[in-house]
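1. Pasting a predicted model and its sequence here:
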Amino acid sequence: MRNRTDVMEQDEGKPAADGAAARTARQIETLILEGALSPGDPLLPERELAERLGVSRPTLRQALKLLESRGLILADQGRRLVAPLGRGLTDPLIALMADHGEVVDDYLEFRATAERMAAGLAARRANDVDRARIGEAMAAIDRAHDTGSEPAEAAADVALHLALYEASHNLVLMQVMRALTGLLRRGVMDNRETMFRRPETREALRAQHRAIHDAVLAGDAAAAETAAEAHIRYVHRALGEIAAAEARLATSLRRLDGGGIARRG
């Protein structure tokens, strides 16, 4: 069935088609901005996508070309994907994190502020859908914790934090943190591997996540903010203490053998 847009395109020519394409592009942009479409998500096949959006296929093609020119959509082996947002930001930061351990302090300082803001906003703004996602992520943390699956627990940890960002309904906060998802995943994995050297840490992290979860679902913004910031401050402090202990041990070992360059005996 022909829709009004199709008739306008045929009757009025290219200007109407360009306007329809621009409107369609804005519609898809809005879905990306709101987080309904995530980086890496494949779009529906062209015919089905045009039907869902209520436009002709020529209009859809023009809209997709506009989005591709803006770097929001990528063509990949016959498919169209939502572009990985923030690639230019996260890739250098990940490399920097790998080469310069001191950047961890800056990263965790930023996250303490972002997490506090996200948790407080989530407590105030979360709807039933948001609360369900937060609850599912917490349940996944509990399951992985109980079965002793550290990789699954780390993945659920990331999912919980991302659910909080989305529940904040602050699009700038959500998109910035989504763009840093690769850094967040790496940080969670590396932090846990280091921190799990302390037997008490794993239970402490779960308790902290539970406190954030409970406060957000209760709508207690002040408690959510305090719990979220305390969680990141704990991670920051624990990593610093572990690094300091390892540095002291390395110094002691060097003293034993003269740094490997002294003649002993």
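-> Everything's here; your move. Note that the coordinates shown come from a computational prediction; the quantities given were computed from them, not determined experimentally. Numbers count the residues shown, from 1 in each chain.

2. so what does the helix ranked longest in the chain touch, helix or strand wise?
-> In the chain, with assignment by DSSP state H, the single longest helix is helix 221-256. Where contact means 3 or more CB pairs under 8 Å, 6 or more residues apart in numbering; DSSP states H and E, helix 221-256 is packed against helix 103-125, helix 181-195, helix 201-218. Glycine gets a C-beta too; all of them are placed from N, C-alpha and C.

3. how about it: buried residues?
-> 221, 223-233, 235-236, 238-239, 242 (16 or more other CB atoms under 10 Å).

4. That one vs helix 103-125, what angle?
-> 160 degrees (axes from the mean of the first three to the mean of the last three CA atoms, to 10 degrees).

5. residues contacting the closest residue in space to His236 that isn't next to it in sequence?
-> Once flanking residues are discounted, His236 sits nearest to Leu108: 4.3 Å by CB to CB, 6 or more residues apart in numbering. Leu108 makes contact with Ile232, Val235, His236, Leu239 under the criterion CB atoms under 8 Å, 6 or more residues apart in numbering.

6. Which one of those residues is nearest to Glu115?
-> Comparing the contacts of Leu108 against Glu115 with CB to CB places Ile232 closest, at 5.3 Å.

7. Tell me which residues touch the residue lying closest to the closest one once chain neighbours are set aside, please.
-> Spatially, and ignoring its direct neighbours in sequence, Ile232 is nearest to Ala112 (4.1 Å; CB to CB, 6+ apart). Residues in contact with Ala112 (CB under 8 Å, 6+ apart) are Glu229, Ile232, Arg233, His236.

8. redo that, cut-off 6 Å
-> For Ala112, the contact set (CB atoms under 6 Å, 6 or more residues apart in numbering) comprises Glu229, Ile232, Arg233.

9. Against Ala179, how distant is the first one?
-> Relative to Ala179, Glu229 is positioned 22 Å away (CB to CB, to the nearest Å).
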